[in-house]
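A.B. asks: Predicted model and sequence below, questions to follow.
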Amino acid sequence: RTLGLGDLVNETVDFYKGESIPYVVDRAIAAAGCAYSHTGSMSSGWYLAGIKKPGITNGWHIPDPIAEMLNSEGCTETGHDANSLSEKDFYKDSGWVFLYNGEFPGTGMSDFTLQDGDTVTIAFTTSYGNEYNGEWFNGSW
């Protein structure tokens, strides 16, 4: 939501006993009709590098509180592709982060085996997740 685009993928998918987050993310992105790129493997070091869909960034607008903090820190725009949203798009420190049950875990998605009731939120950040952890922006998303 740091780009004012709302939820790009909002899917609920089944998971299977013993499955880690990347397997579920793979199905959710496919169910939304998108493609993606990643690094690492499903079982180790998996990182979502980008989501691809025609026009995915059309209409982007960085909310004023976030833009003000980016400007105050001297961050400059790097450009982007209208058909993908990937790390290093818009700003050099941008990319994808995730919350596991509402918390930033500080480790990779492959490290978590899902249980009933778990929630996973993947969010695009313009600056290492600062928009979400309260250091910059204390709003809801």
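C.D. replies: The structure has been received and is ready for your questions.
A.B. asks: how far away is the most centrally placed residue in the chain from D7?
C.D. replies: In the chain, the centroid-proximal residue (C-alpha atoms, centre = their mean) is A123; its distance is 2.9 Å. Distance check for A123 against D7: by C-beta to C-beta, to the nearest Å, it reads 10 Å. Bear in mind the C-beta positions are built from the backbone N, C-alpha and C, glycine included.
A.B. asks: anything in contact with each of the two?
C.D. replies: R1 (C-beta atoms under 8 Å, 6 or more residues apart in numbering).
A.B. asks: which residues in the chain form strands?
C.D. replies: With DSSP state E as the criterion, the chain has strands at 35-41, 44-52, 84-86, 95-100, 120-125.
A.B. asks: Output those in a markdown table, with mean pLDDT appended to each entry.
C.D. replies: Putting the strands of the chain into a markdown table (pLDDT from 0 to 100) gives the following:
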| stretch | mean pLDDT |
| --- | --- |
| strand 35-41 | 96 |
| strand 44-52 | 96 |
| strand 84-86 | 97 |
| strand 95-100 | 92 |
| strand 120-125 | 90 |
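A.B. asks: Could you give me the buried positions within the lowest-mean-pLDDT helix or strand in the chain?
C.D. replies: Across the helices and strands of the chain, the lowest-confidence element by mean pLDDT, DSSP states H and E is helix 64-72, at a mean of 87. The neighbour-count check on helix 64-72 (16 or more other C-beta atoms under 10 Å) flags I66, M69, L70 as buried.
A.B. asks: Specify which member of these is nearest to A31.
C.D. replies: Closest to A31 out of the buried residues of helix 64-72 is I66 (28.8 Å), distances taken as C-beta to C-beta.
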